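**Student:** Kindly generate the corresponding structure for this input.
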Amino acid sequence: MTTDRRGFVFGVWAYTLWGLLPLYWPHLKPASAAEVLAHRVVWSALFAVLLVVFLARRGGAAARNLLALRTDPRRVRLLTVAGVLIGGNWLAYIWAVNHDHVVETALGYYINPLMTIAVGVVVLGERLRRPQWVAIAIAGCGVVILTVGYGRPPWIALFLAVTFAAYSLIKKTVGVGALEGLTVETLVLLPPALIFLGTLTVTGDSAFGRHGAGHALLLAGAGIATLTPLLLFAGAASRVSLTTLGMLQYLAPTLQFFIGVVINDEPLPTDRLVGFSLVWTALVLITSDSIRHQRRALRLAVEAVT
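**Tutor:** Numbering: from 1, shown residues only. From the prediction side, this is the model:
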């Protein structure tokens, strides 16, 4: 299998697993979203550290990179903020899935690329091309229609999109590998997660171990469910183009949308479908413009060399 094809397979699996996570979280009930998040943090931190140690014994650089962060307080502060952002994102996502808002979580991840573009304009001062402005305007109309249909702004979707866009901005600027970043982020969240789980245990409100070994294993498996797609994504990102990754990223919310509508039987009235259709139209515009722009840039680069 060629490197590009292997990367494509890694990417498909990463986004497929992310898209199928709404099928996993309901099995962790009656644990609350906060308890699930705490277990996700604890077990993710544990498995991440074990993986770093394992890779270090095989000559990997993750351990050395982590040790180097001790002398770089700026990056540690950025990763701390990133940990808080992704922790809030996880909490909202788990709560939404367990309260039958899977379709709205899909909307959040559909509009995330558009939110990321908006962050680039506001924070980084990037200039938009005309198709990008049109796409954002169309998506904005879609969100307005969804707001009217829901009777409220789609707060869950907007929160997921904003927190992940801010998280992505930090990850773009901090310059730390996927495994190293996740290790620091989960270790930052580890103390409050342990305190919370300890409090639940003392008060007798913890679900861990009270609903059979299978349920306890599923809670612990939240760490593997977090690490596996992230590592697959890292493998894909190093092997395929950003255009390919950009196309693949819509696989996860599409699966979430399917799960919400078909499996969970969440309502999809006409106004909501119209709103989603506008968001999908915006994504088509953004994706096609990105492909054209990258092809043009590549052609100009080749002409400059020759």
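
**Student:** List the buried residues in the helix or strand hosting Arg74.
**Tutor:** Assessed by DSSP states H and E, Arg74 sits inside helix 73-98. Under the neighbour-count criterion of 16 or more other CB atoms under 10 Å, helix 73-98 has 75, 78-80, 82-98 buried. Quick note: C-beta positions are derived from backbone N, CA and C, even for glycine.

**Student:** In terms of secondary structure, what does the longest helix seen in the chain contact?
**Tutor:** When the chain is parsed with DSSP state H, its longest helix is helix 270-305. Counting contacts by 3 or more CB pairs under 8 Å, 6 or more residues apart in numbering; DSSP states H and E, helix 270-305 is packed against helix 102-124, helix 130-150, helix 242-248.

**Student:** circling back to that earlier point, quick one: the helix holding Arg74 to helix 102-124, angle?
**Tutor:** Between helix 73-98 and helix 102-124, the angle comes out at 160 degrees (axes from the mean of the first three to the mean of the last three CA atoms, to 10 degrees).

**Student:** which other helices and strands contact helix 73-98?
**Tutor:** helix 33-57, helix 102-124, helix 155-174, helix 178-203.

**Student:** now Tyr250, nearest residue through space, not along the chain?
**Tutor:** Nearest residue to Tyr250, sequence neighbours excluded (CB to CB, 6 or more residues apart in numbering): Leu283, at 6.6 Å.

**Student:** So the one you found is in contact with Tyr109, correct?
**Tutor:** No. Leu283 lies out of contact with Tyr109 (CB atoms under 8 Å); the separation is 10.8 Å.

**Student:** List phi and psi for Arg129.
**Tutor:** Dihedral pair for Arg129: phi -80, psi 160, per degrees, to the nearest 10.

**Student:** For it, grab the count of nearby residues.
**Tutor:** Residues within reach of Arg129, counting by other CB atoms under 10 Å, total 12.
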